[in-house]
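[1] After the sequence you'll find the predicted model.
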Amino acid sequence: MTDSVFLRASEVLLQNSVHEKLGQTRKLQQDWLAGKLDLSRDRSLELNAPGIPTNLEFVTPAKLPRRTLHSALGQIAFIHALTHIEFTAINLALDIIARFQDMPRQFYQDWIQVAVEETGHFELLNTRLLSLGSEYGNLPVHNGLWTMATKTAHDVLHRLALVPRMLEARGLDVTPDMINRLLEINDQETAGILEKILQDEIGHVKIGSQWFSYVCKKRGLDPHSTFFDLLKVNAGSQIRKPINHEARKQAGFSEQELNSLDQMTG
(Lines give C-alpha, C1' and ligand atoms only; values in the text may rest on other atoms or scores of the structure.)
Protein backbone atom coordinates (compact mmCIF):
# COMPACT_ATOMS: atom_id res chain seq x y z
CA MET A 1 0.00 0.00 0.00
CA THR A 2 1.31 3.44 -0.97
CA ASP A 3 0.68 6.94 0.33
CA SER A 4 0.69 10.18 -1.66
CA VAL A 5 4.01 12.02 -1.61
CA PHE A 6 2.01 15.25 -1.54
CA LEU A 7 0.09 14.27 1.60
CA ARG A 8 3.23 13.02 3.32
CA ALA A 9 5.22 16.16 2.47
CA SER A 10 2.40 18.34 3.79
CA GLU A 11 2.30 16.39 7.05
CA VAL A 12 6.04 16.90 7.54
CA LEU A 13 5.71 20.58 6.57
CA LEU A 14 3.09 21.15 9.26
CA GLN A 15 5.12 19.40 11.98
CA ASN A 16 6.03 21.85 14.76
CA SER A 17 8.64 19.73 16.51
CA VAL A 18 12.14 20.29 15.12
CA HIS A 19 13.19 16.75 16.06
CA GLU A 20 10.13 15.21 14.39
CA LYS A 21 10.44 17.37 11.27
CA LEU A 22 14.06 16.31 10.75
CA GLY A 23 13.31 12.63 11.28
CA GLN A 24 10.16 12.66 9.16
CA THR A 25 11.96 14.44 6.32
CA ARG A 26 14.51 11.62 6.18
CA LYS A 27 11.70 9.04 6.42
CA LEU A 28 9.99 10.78 3.49
CA GLN A 29 13.06 10.17 1.35
CA GLN A 30 13.42 6.57 2.52
CA ASP A 31 9.80 5.78 1.68
CA TRP A 32 10.03 7.60 -1.67
CA LEU A 33 13.11 5.63 -2.71
CA ALA A 34 11.46 2.40 -1.53
CA GLY A 35 8.46 3.05 -3.80
CA LYS A 36 6.05 3.56 -0.90
CA LEU A 37 4.88 7.00 -2.08
CA ASP A 38 2.94 7.71 -5.27
CA LEU A 39 1.84 10.83 -7.14
CA SER A 40 -1.87 10.68 -6.28
CA ARG A 41 -2.96 14.32 -6.27
CA ASP A 42 -4.67 15.84 -3.26
CA ARG A 43 -6.00 19.36 -3.79
CA SER A 44 -7.51 19.52 -0.31
CA LEU A 45 -4.20 19.94 1.51
CA GLU A 46 -3.94 22.87 3.94
CA LEU A 47 -0.65 24.63 3.19
CA ASN A 48 -1.22 28.06 4.68
CA ALA A 49 1.72 28.13 7.08
CA PRO A 50 4.54 25.74 7.95
CA GLY A 51 4.99 24.08 11.30
CA ILE A 52 7.49 25.94 13.49
CA PRO A 53 8.74 25.46 17.05
CA THR A 54 6.26 26.90 19.54
CA ASN A 55 8.99 28.87 21.32
CA LEU A 56 10.14 30.71 18.18
CA GLU A 57 9.66 34.48 18.41
CA PHE A 58 9.19 36.41 15.16
CA VAL A 59 10.03 40.10 14.85
CA THR A 60 10.51 42.48 11.95
CA PRO A 61 14.08 42.67 10.58
CA ALA A 62 14.40 46.23 11.93
CA LYS A 63 13.85 44.97 15.48
CA LEU A 64 16.66 42.44 15.38
CA PRO A 65 19.58 43.91 17.36
CA ARG A 66 22.75 44.67 15.44
CA ARG A 67 25.72 42.85 16.95
CA THR A 68 29.33 42.42 15.98
CA LEU A 69 30.85 39.02 15.32
CA HIS A 70 33.66 40.02 17.68
CA SER A 71 31.42 39.43 20.70
CA ALA A 72 30.29 36.02 21.95
CA LEU A 73 26.62 37.04 21.75
CA GLY A 74 27.13 38.44 18.26
CA GLN A 75 28.69 35.18 17.10
CA ILE A 76 25.76 33.22 18.52
CA ALA A 77 23.22 35.60 16.95
CA PHE A 78 24.92 35.27 13.56
CA ILE A 79 24.87 31.47 13.67
CA HIS A 80 21.29 31.45 15.01
CA ALA A 81 20.13 33.54 12.04
CA LEU A 82 21.77 31.08 9.65
CA THR A 83 20.19 28.16 11.50
CA HIS A 84 16.76 29.72 11.00
CA ILE A 85 17.44 30.14 7.29
CA GLU A 86 18.22 26.43 7.04
CA PHE A 87 15.10 25.48 9.01
CA THR A 88 13.01 27.63 6.67
CA ALA A 89 14.75 25.99 3.70
CA ILE A 90 13.50 22.59 4.88
CA ASN A 91 9.96 23.98 4.91
CA LEU A 92 10.42 25.56 1.48
CA ALA A 93 11.50 22.25 -0.06
CA LEU A 94 8.58 20.41 1.55
CA ASP A 95 6.14 23.09 0.42
CA ILE A 96 7.23 22.99 -3.22
CA ILE A 97 6.66 19.23 -3.20
CA ALA A 98 3.21 19.37 -1.59
CA ARG A 99 1.92 22.49 -3.35
CA PHE A 100 2.76 21.93 -7.02
CA GLN A 101 1.30 18.56 -7.98
CA ASP A 102 1.59 18.66 -11.78
CA MET A 103 5.34 18.23 -12.27
CA PRO A 104 7.35 15.19 -13.46
CA ARG A 105 8.40 12.52 -10.99
CA GLN A 106 12.06 13.68 -11.02
CA PHE A 107 10.96 17.08 -9.73
CA TYR A 108 9.79 15.54 -6.48
CA GLN A 109 12.86 13.35 -6.16
CA ASP A 110 15.08 16.42 -6.57
CA TRP A 111 13.28 18.48 -3.93
CA ILE A 112 13.10 15.58 -1.47
CA GLN A 113 16.90 15.39 -1.76
CA VAL A 114 17.12 19.15 -1.18
CA ALA A 115 14.92 18.85 1.93
CA VAL A 116 17.15 16.12 3.36
CA GLU A 117 20.33 18.10 2.70
CA GLU A 118 18.77 21.15 4.37
CA THR A 119 18.10 19.04 7.48
CA GLY A 120 21.81 18.25 7.54
CA HIS A 121 22.68 21.93 7.30
CA PHE A 122 20.31 22.74 10.14
CA GLU A 123 21.80 20.04 12.34
CA LEU A 124 25.37 21.21 11.72
CA LEU A 125 24.53 24.78 12.68
CA ASN A 126 22.35 23.89 15.66
CA THR A 127 25.06 21.57 16.98
CA ARG A 128 27.46 24.50 16.68
CA LEU A 129 25.02 26.67 18.64
CA LEU A 130 24.85 24.01 21.36
CA SER A 131 28.64 23.99 21.61
CA LEU A 132 28.47 27.76 22.26
CA GLY A 133 25.84 27.40 24.98
CA SER A 134 22.77 28.23 22.91
CA GLU A 135 20.30 26.48 20.59
CA TYR A 136 17.72 27.20 17.89
CA GLY A 137 14.79 29.16 19.29
CA ASN A 138 16.75 31.04 21.94
CA LEU A 139 16.79 34.27 19.90
CA PRO A 140 14.14 36.08 17.85
CA VAL A 141 14.07 35.67 14.06
CA HIS A 142 12.39 37.29 11.08
CA ASN A 143 10.26 35.56 8.48
CA GLY A 144 11.42 37.23 5.26
CA LEU A 145 12.34 34.04 3.42
CA TRP A 146 8.96 32.43 3.98
CA THR A 147 7.19 35.64 2.92
CA MET A 148 8.43 35.04 -0.63
CA ALA A 149 7.06 31.50 -0.50
CA THR A 150 3.65 32.98 0.28
CA LYS A 151 3.94 35.46 -2.59
CA THR A 152 4.77 32.66 -5.04
CA ALA A 153 2.29 30.06 -3.80
CA HIS A 154 0.11 30.51 -6.89
CA ASP A 155 2.66 29.52 -9.56
CA VAL A 156 5.58 27.10 -9.66
CA LEU A 157 7.31 29.31 -12.25
CA HIS A 158 7.32 32.25 -9.84
CA ARG A 159 8.44 30.02 -6.97
CA LEU A 160 11.42 28.66 -8.93
CA ALA A 161 12.45 32.10 -10.15
CA LEU A 162 12.17 33.93 -6.85
CA VAL A 163 13.12 31.42 -4.17
CA PRO A 164 16.00 29.26 -5.47
CA ARG A 165 17.08 31.60 -8.29
CA MET A 166 16.75 34.90 -6.41
CA LEU A 167 16.84 34.46 -2.63
CA GLU A 168 18.89 31.28 -2.37
CA ALA A 169 21.22 32.37 -5.16
CA ARG A 170 21.89 35.48 -3.10
CA GLY A 171 23.35 33.15 -0.51
CA LEU A 172 25.91 32.04 -3.08
CA ASP A 173 26.98 35.68 -3.41
CA VAL A 174 27.37 36.51 0.27
CA THR A 175 28.56 33.26 1.86
CA PRO A 176 32.25 33.64 0.87
CA ASP A 177 32.38 36.95 2.76
CA MET A 178 30.69 35.32 5.76
CA ILE A 179 33.35 32.61 5.74
CA ASN A 180 36.11 35.22 5.67
CA ARG A 181 34.55 37.12 8.57
CA LEU A 182 34.39 33.93 10.62
CA LEU A 183 38.01 33.15 9.87
CA GLU A 184 38.96 36.64 11.04
CA ILE A 185 37.65 35.72 14.51
CA ASN A 186 39.29 32.27 14.31
CA ASP A 187 35.97 30.43 14.09
CA GLN A 188 37.21 27.75 11.73
CA GLU A 189 34.46 25.34 12.80
CA THR A 190 31.56 27.53 11.66
CA ALA A 191 33.50 28.59 8.56
CA GLY A 192 33.89 24.93 7.63
CA ILE A 193 30.16 24.38 8.04
CA LEU A 194 29.44 27.29 5.70
CA GLU A 195 31.88 25.95 3.12
CA LYS A 196 29.92 22.67 3.14
CA ILE A 197 26.60 24.51 2.91
CA LEU A 198 27.86 26.68 0.03
CA GLN A 199 28.73 23.64 -2.08
CA ASP A 200 25.37 22.00 -1.41
CA GLU A 201 23.47 25.23 -2.11
CA ILE A 202 25.09 25.49 -5.53
CA GLY A 203 23.40 22.18 -6.27
CA HIS A 204 20.07 23.38 -4.88
CA VAL A 205 20.08 26.54 -6.98
CA LYS A 206 21.05 24.43 -9.99
CA ILE A 207 17.98 22.25 -9.42
CA GLY A 208 15.89 25.42 -9.30
CA SER A 209 17.50 26.65 -12.53
CA GLN A 210 16.88 23.38 -14.34
CA TRP A 211 13.21 23.23 -13.39
CA PHE A 212 12.71 26.92 -14.11
CA SER A 213 13.99 26.31 -17.65
CA TYR A 214 11.73 23.26 -17.94
CA VAL A 215 8.60 25.22 -16.99
CA CYS A 216 9.54 28.10 -19.31
CA LYS A 217 9.99 25.70 -22.22
CA LYS A 218 6.70 23.98 -21.44
CA ARG A 219 4.90 27.35 -21.47
CA GLY A 220 6.74 28.70 -24.52
CA LEU A 221 8.49 31.43 -22.54
CA ASP A 222 12.00 32.83 -22.91
CA PRO A 223 13.83 31.95 -19.66
CA HIS A 224 16.03 35.05 -19.65
CA SER A 225 13.34 37.67 -20.15
CA THR A 226 10.89 35.81 -17.89
CA PHE A 227 13.38 35.62 -15.04
CA PHE A 228 14.39 39.26 -15.25
CA ASP A 229 10.80 40.47 -15.58
CA LEU A 230 10.00 38.67 -12.31
CA LEU A 231 13.23 39.83 -10.72
CA LYS A 232 12.67 43.49 -11.49
CA VAL A 233 9.20 43.38 -9.92
CA ASN A 234 10.20 41.44 -6.81
CA ALA A 235 13.89 41.95 -6.11
CA GLY A 236 13.79 45.27 -4.31
CA SER A 237 17.19 45.62 -2.68
CA GLN A 238 18.17 42.01 -3.30
CA ILE A 239 20.29 42.66 -6.40
CA ARG A 240 23.45 44.24 -5.13
CA LYS A 241 27.13 43.48 -5.23
CA PRO A 242 28.86 41.11 -5.01
CA ILE A 243 27.65 38.66 -7.66
CA ASN A 244 29.46 35.33 -7.29
CA HIS A 245 29.93 34.54 -10.98
CA GLU A 246 31.69 31.20 -10.48
CA ALA A 247 29.13 29.80 -8.04
CA ARG A 248 26.20 31.05 -10.09
CA LYS A 249 27.66 29.50 -13.27
CA GLN A 250 27.87 26.18 -11.49
CA ALA A 251 24.27 26.72 -10.35
CA GLY A 252 22.97 27.10 -13.90
CA PHE A 253 23.14 30.84 -14.56
CA SER A 254 24.14 31.74 -18.11
CA GLU A 255 26.71 34.37 -19.09
CA GLN A 256 23.85 36.48 -20.42
CA GLU A 257 22.11 36.31 -17.04
CA LEU A 258 25.30 37.17 -15.17
CA ASN A 259 25.91 40.17 -17.43
CA SER A 260 22.34 41.36 -16.82
CA LEU A 261 22.77 40.94 -13.06
CA ASP A 262 25.99 42.98 -13.19
CA GLN A 263 24.09 45.75 -14.98
CA MET A 264 21.36 45.69 -12.35
CA THR A 265 23.89 46.18 -9.54
CA GLY A 266 25.20 49.32 -11.22
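    Sure, I can see it. Numbers count the residues shown, from 1 in each chain.
[2] where do the helices sit along the stretch 151-266 of the chain?
    With DSSP state H, counting those that start in this stretch as the criterion, the stretch 151-266 of the chain has helices at 156-162, 169-184, 188-219, 223-234, 245-250, 255-264.
[3] Now do the contacts for Val174.
    Counting by Cβ atoms under 8 Å, 6 or more residues apart in numbering, Val174 makes contact with Pro242. All C-beta spots, glycine's among them, are computed from the backbone N, C-alpha and C.
[4] Quick check: pLDDT value at it.
    Per-residue pLDDT puts Val174 at 96.
[5] got it, and Gly35?
    Gly35 carries a pLDDT value of 96.
[6] residues contacting it?
    Contacts for Gly35 (Cβ under 8 Å, 6+ apart) come out as Thr2.
[7] what about His70, neighbour count?
    By other Cβ atoms under 10 Å, 10 other residues sit near His70.
[8] Assign it to helix, strand or coil.
    Following DSSP: H, G, I helix; E, B strand; the rest coil, we place His70 in the coil state.
[9] hang on, it packs against Asn186?
    No. Counting by Cβ atoms under 8 Å, His70 does not reach Asn186; the two are 10.8 Å apart.
[10] still on that earlier bit, from the helices of the stretch 151-266 of the chain, which stretch is densest packed?
    Stretch with highest mean neighbour count among those: helix 156-162 (a mean of 23; mean count of other Cβ atoms under 10 Å).
[11] other SSEs contacting that helix?
    Secondary-structure packing of helix 156-162 (3 or more Cβ pairs under 8 Å, 6 or more residues apart in numbering; DSSP states H and E): helix 72-99, helix 144-151, helix 188-219, helix 223-234.
[12] export these to CSV and tack on mean pLDDT and distance to Leu45?
    Formatted as CSV, the helices and strands packed on helix 156-162 follow (pLDDT from 0 to 100; distance: least, Cβ to Cβ, whole Å):
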stretch, mean pLDDT, distance to Leu45
helix 72-99, 96, 6
helix 144-151, 89, 15
helix 188-219, 98, 20
helix 223-234, 93, 25
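[13] With distance to Ser44 as extra columns, can I get those in CSV?
    Converted to CSV, these look like this (distance: least, Cβ to Cβ, whole Å):
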stretch, distance to Ser44
helix 72-99, 11
helix 144-151, 19
helix 188-219, 24
helix 223-234, 29
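[14] Could you point out which of those sits nearest Pro61?
    For the helices and strands packed on helix 156-162, distance to Pro61 was read as Cβ to Cβ. The smallest value, 6.4 Å, belongs to helix 144-151.
[15] Look up phi and psi at Phe58.
    Backbone torsions for Phe58, taken as degrees, to the nearest 10, come to phi -100, psi 140.
[16] Spatially, what comes nearest to the one residue sitting closest to the centre of the chain if we skip its sequence neighbours?
    In the chain, the centroid-proximal residue (Cα atoms, centre = their mean) is Ala89; its distance is 3.4 Å. The shortest distance from Ala89 to any non-neighbouring residue, by Cβ to Cβ, 6 or more residues apart in numbering, is to Glu118 (4.3 Å).
[17] Nothing else from me, thank you.
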